[in-house]
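> Prediction below, plus the sequence it came from.
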Amino acid sequence: MNKEEIIRNIEEKKTDFKSLDANLRDDRDIAMAAVTVYSNNLKYASERLRNDKEIVKEAVIRDDNGTALKYASDAMRDDEDIIWCAFLSDIFCLEFASYRIKNNKKFIRGLIIMIEKNLDSEYWSQVFYHISDELKNDRAFILDVITNFGYPLEHASNRLRDDEEIVIAAVNKGWYNLQYASNRLKNDKDFILRRIKEYPYSFEYASARLRNDKEVAKAAINSLGSSLCSASKKLRDDKEIVMLALKNDGTALQFSSRALKNDKEIVMLAVKNDGTALQYSSRALKNDKDVVSAAVKNYGQALFFASKKLRNNKEIVLIAIQSVSSVFQYASKSLKNDRDVVRVAVNADGNNLEYASKRLQNDKEIVVTAILNSVNALKYASLKLKNNKKLATTALSKDINAFVYLSTQLRGDKEFIKDIVWENPLLLEFVSDELKNDELFVFPYA
């Protein structure tokens, strides 16, 4: 094959560049075609061409996994223009840049600015992971990029992660950066107390000793009840600490000890603050009428977490429905057949008729109450009541769209529906199939 045929075959992926003779892999035109088709073909180019800036640039621009750069010559991996082009294609390429590049403050800062403008901050770690150890230990540089860009503290040197000013700057950009601080700082009570005052979540990354310190725990929990999750096992069993947490956040009950989840005083405080905290209480207290009543008064949906016995308690279920009407669905089968309970439920939300017993879905008074609240309730009525013209008229007078829930028999009653369909022709779609096939009925609307 001549040169032109080789290039064409490479472009059409009929010829593998790496299988060519060395003299052909040293041909600039052939190598250019090869890296254009597949950037990592640079690996098989001659040493001379792996030092050719134009060929290397083409390879790194075409690269989509950041690896082509590693096959370039040392000179090319030290060329800022090449590195910049490679970085724009894939930020992972920095791994293969020269040490001089990785240690160049100005250049690295430029990469950071580019990421800041064009990419998510999650990509920063890829830059900082590969910068030189010298830069990771450069106090002025690290403080600059933390302050201005939120540099991830995790890649700073151990010396700088023990530097209070550096750590404070990082925490100010994100409280979670405290996890990368030195053990000395995470065990410094005054330092941690100051961080908690500004960022209560910081308590999570305090040392084990301080997470067992009552004063430190109180400082965190007083601002953020859920901080109880980071307290020591001992403090999560401390009634004073847990009560302080529950005053701020009832759901912090989930982080308390097993014993305190069975303490009625503790659980009452939790559910009065947030009814959903009932789910974290002991089985015994989910069956305690006082506790469950307090929970559903705060938030009706808490009924879902009550014992089966109390979901059959009429008083509790009525309290829950008055708080959140949709909780009727969690009532016992017996109460779904209780006329008083169902009347309250459908009066609050007509769609609760869906969960009523079959008997009460056939109760005209109950169904009318439901329909007056929401005509959609008609779809849950018994077939007998869906076929009741008087009830149907009541529903249609409230909302003509209730037509779709009428029985097939009523939607096929020509005399009953003709005036309705005449005034609302779009309802023709929902009349019975028999009437749809009745040309005399359908013709006026055609």
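Arrived safely, thanks for sending.

> switch to C-alpha atoms for all contacts and neighbour counts from now on
Fine.

> distance of the nearest residue to residue 143 once chain neighbours are set aside from residue 137?
With sequence-adjacent residues excluded and distances taken as Cα to Cα, 6 or more residues apart in numbering, residue 143 is closest to residue 166, at 5.9 Å. From residue 166 across to residue 137, the span is 11 Å (Cα to Cα, to the nearest Å).

> What's the local residue count around the residue nearest to residue 11 when sequence neighbours are not counted?
Ranked by Cα to Cα, 6+ apart and with sequence neighbours excluded, the top spatial neighbour of residue 11 is residue 37, at 6.2 Å. Using other Cα atoms under 10 Å, the number of residues around residue 37 comes to 17.

> Kindly provide the distance from residue 37 to residue 44.
If you go by Cα to Cα, the gap between residue 37 and residue 44 works out to 13 Å.

> same thing with residue 153?
According to Cα to Cα, residue 153 stands 39 Å off from residue 44.

> Now do the same contact list for the residue nearest to residue 11.
Neighbouring residues of residue 37 by Cα atoms under 8 Å, 6 or more residues apart in numbering: 10-11, 13.

> Identify each of the helices in the stretch 251-400 of the chain and give its residue range.
In the stretch 251-400 of the chain, the segments counted as helices under DSSP state H, counting those that start in this stretch are 264-273, 289-298, 314-323, 339-348, 364-373, 383-386, 389-398.

> Okay, now the unreliable bits of the stretch 51-200 of the chain?
Within the stretch 51-200 of the chain, the segments meeting pLDDT under 70 span 119-125.

> residue ranges of the helices in it, please?
Using DSSP H, counting those that start in this stretch, helices in the stretch 51-200 of the chain cover 53-62, 80-89, 99-102, 105-118, 124-130, 133-136, 139-149, 164-173, 183-186, 189-198.

> Touching the last one from outside, list them.
What it means is helix 189-198. 185-186, 202-203, 206, 210, 216, 219-220.

> so the helix or strand following that helix versus helix 189-198, what angle?
Moving toward the C-terminus from helix 189-198, the next helix or strand (DSSP states H and E) is helix 214-223. Orientation check (axes from the mean of the first three to the mean of the last three Cα atoms, to 10 degrees): helix 214-223 against helix 189-198 gives 10 degrees.

> got the buried residues for helix 214-223?
Across helix 214-223, burial judged by 16 or more other Cα atoms under 10 Å covers 214, 216-223.

> Show the subsequent helix or strand relative to it.
Remark: after helix 214-223, the chain's next helix or strand is helix 239-248, criterion DSSP H and E.

> just how off-centre is that following helix within its chain?
Remark: helix 239-248 is offset 28 Å from the chain centroid, using Cα atoms, centre = their mean, to the nearest Å.

> What of stretch 314-321?
33 Å.

> List of residues touching it?
The contact list for stretch 314-321 (Cα under 8 Å, 6+ apart) reads 289, 292-293, 296-297, 299-303, 310-311, 327-328, 331, 335, 341, 344-345, 348.

> could you redo the last one with a cut-off of 7 Å?
Residues from elsewhere that reach stretch 314-321, judged by Cα atoms under 7 Å, 6 or more residues apart in numbering: 293, 296-297, 300, 303, 311, 327-328, 331, 335, 341, 345.

> ok, now which ones touch residue 4?
For residue 4, no residue counts as a contact, taking Cα under 7 Å, 6+ apart as the criterion.

> what's the average pLDDT for the strand or helix carrying it?
With elements taken from DSSP H and E, the one containing residue 4 is helix 3-11. For helix 3-11, mean pLDDT is 90.

> on that earlier part again, what about burial for the contacts of stretch 314-321, which qualify?
Neighbour-count burial (16+ other Cα under 10 Å) is assigned, among the contacts of stretch 314-321, to 293, 296-297, 300, 303, 311, 327-328, 331, 335, 341, 345.

> Farthest pair within these?
297 and 335 (18.5 Å; Cα to Cα).

> measure stretch 325-336 end to end?
In stretch 325-336, first residue to last residue: 13 Å (Cα to Cα).

> Residue numbering should commence at 82 henceforth.
Sure, I'll start counting at 82 from here, so that last one is stretch 406-417.

> Residues touching it, excluding its own?
Outside stretch 406-417, the residues within contact range by Cα under 7 Å, 6+ apart are 381-382, 384-385, 392-393, 395, 398, 401-402, 422-423, 426, 429-430, 433, 436-438.

> With residue 331 as the reference, measure out to residue 305.
Going from residue 305 to residue 331 by Cα to Cα gives 11 Å.

> and these two? which has more neighbours close in?
Using other Cα under 10 Å, the more surrounded residue of residue 305 and residue 331 is residue 331, with 28 against 22.

> Just read off the phi/psi values of the more buried one.
phi -60, psi -30 (degrees, to the nearest 10).

> Might you report the residue contacts of it?
Each residue near residue 331 by Cα under 7 Å, 6+ apart is listed here: 351-352, 354-355, 358.

> how about residue 210, what does it touch?
Applying Cα under 7 Å, 6+ apart to residue 210 gives the contacts residue 236.

> and it, how far is that from residue 183?
Distance, residue 210 to residue 183, using Cα to Cα: 10 Å.

> now swap in residue 219 and tell me
Per Cα to Cα, residue 219 is found 13 Å from residue 183.

> same thing with residue 459?
For residue 459, the distance to residue 183 - Cα to Cα - is 72 Å.

> Neighbour count for the two, which is higher?
Between residue 459 and residue 183, counted using other Cα under 10 Å, the more crowded position is residue 459 (30 against 22).

> Am I right that that one is in contact with residue 485?
No: taking contacts as Cα atoms under 7 Å, residue 459 lies outside contact range of residue 485: 9.4 Å.

> Next one: residue 419 from residue 410, what distance?
13 Å.
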